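J.: sequence? don't have it. structure:
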């Protein structure tokens, strides 16, 4: 677990071209990640059993959850249910937070 | 539940002088709230069985968890365990997010 963290101090992991993830804090049944995107980068369409909330810190994103698409800007949040496919496209450079319950074991530092 | 929300569109509830809360989204076992503070405002010391992560969006805060105090700035996150007393003091005007699992039933719109 890490119970206190700042985006500037946490090592970034390259997810794919233009997308970097930092696992800020995790413990118990909660994890928060910080993900930065270059304009035009697109996350893979994926799903997981974990419930998720994403919050847009900076920039604009096109967020797909199931069959619906959402235009999202800084200050906006969205809930992703367990096992529903979702994807995010960065319309500008941007940053979002992903919060998960339970924690993503696959994101823990090795 | 509300699965998509923006701070500009959600009605604020006055928590106490200088502190306003917006419940952005909630469903299943996750809830995210957006809380704005005027400089100098201090939340009540409190605890709850819910696990919590707070993330600083803007400003500087002094965050107390149990016996420890943390100076927090935008980009920083902190985990609060179940039933541990915590409190936040706004050192500047600021905004933070509180994420809970399970959802805070006491925060649901009446």
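T.: Happy to help now that I have it. Bear in mind that the values here come from a model prediction, so they are computed numbers and not experimental data. Residues are numbered from 1 along each chain as shown, chains lettered A, B, ... in the order given.
J.: rest of the way, CA atoms for contacts and neighbours
T.: Fine.
J.: I'd like the next helix or strand past the helix or strand hosting residue A:57.
T.: Assessed by DSSP states H and E, residue A:57 sits inside strand A:51-58. Downstream of strand A:51-58, the next assigned helix or strand under DSSP H and E is strand A:60-65.
J.: list the contacts of residue A:96.
T.: By CA atoms under 8 Å, 6 or more residues apart in numbering or on different chains, residue A:96 lies in contact with A:34, A:35, A:36, A:54, A:55, A:56, A:57, A:58.
J.: show me what the last one is bridged to.
T.: The reference is to residue A:58. Beta-bridge pairing of residue A:58 under DSSP bridges involves residue A:95.
J.: pLDDT at the residue nearest to the spatial centre of chain A, what is it?
T.: Nearest to the geometric centre of chain A sits residue A:98, at 3.5 Å (CA atoms, centre = their mean). We have a pLDDT of 98 for residue A:98.
J.: excluding chain neighbours, what is closest to it?
T.: residue A:54 (4.5 Å; CA to CA, 6 or more residues apart in numbering or on different chains).
J.: re earlier: quick check: the residue nearest to the centre of chain A touching residue A:53?
T.: Yes - contact criterion CA atoms under 8 Å: residue A:98 and residue A:53 qualify, at 5.8 Å.
J.: which stretches of chain A form strands?
T.: Assigned by DSSP state E, the strands in chain A fall at A:4-6, A:13-16, A:19-27, A:30-37, A:51-58, A:60-65, A:68-73, A:76-80, A:86-90, A:94-101.
J.: looking at the ones you listed, which is closest to residue B:15?
T.: strand A:76-80 (21.0 Å; CA to CA).
J.: enumerate the residues of chain A near chain B.
T.: A:3-8, A:24-32, A:51-53, A:57, A:75-81, A:99, A:101 (CA under 8 Å from any CA of the partner chain).
J.: coming back round to it: adding pLDDT, distance to residue B:107 and neighbour count, write the contacts of residue A:96 out as JSON lines.
T.: Below are these laid out as JSON lines (pLDDT from 0 to 100; distance: CA to CA, whole Å; neighbours: other CA atoms under 10 Å in any protein chain shown):
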{"residue": "A:34", "pLDDT": "98", "distance to residue B:107": "26", "neighbour count": "25"}
{"residue": "A:35", "pLDDT": "98", "distance to residue B:107": "28", "neighbour count": "23"}
{"residue": "A:36", "pLDDT": "98", "distance to residue B:107": "30", "neighbour count": "23"}
{"residue": "A:54", "pLDDT": "98", "distance to residue B:107": "19", "neighbour count": "22"}
{"residue": "A:55", "pLDDT": "98", "distance to residue B:107": "19", "neighbour count": "26"}
{"residue": "A:56", "pLDDT": "98", "distance to residue B:107": "22", "neighbour count": "22"}
{"residue": "A:57", "pLDDT": "98", "distance to residue B:107": "23", "neighbour count": "21"}
{"residue": "A:58", "pLDDT": "98", "distance to residue B:107": "26", "neighbour count": "20"}
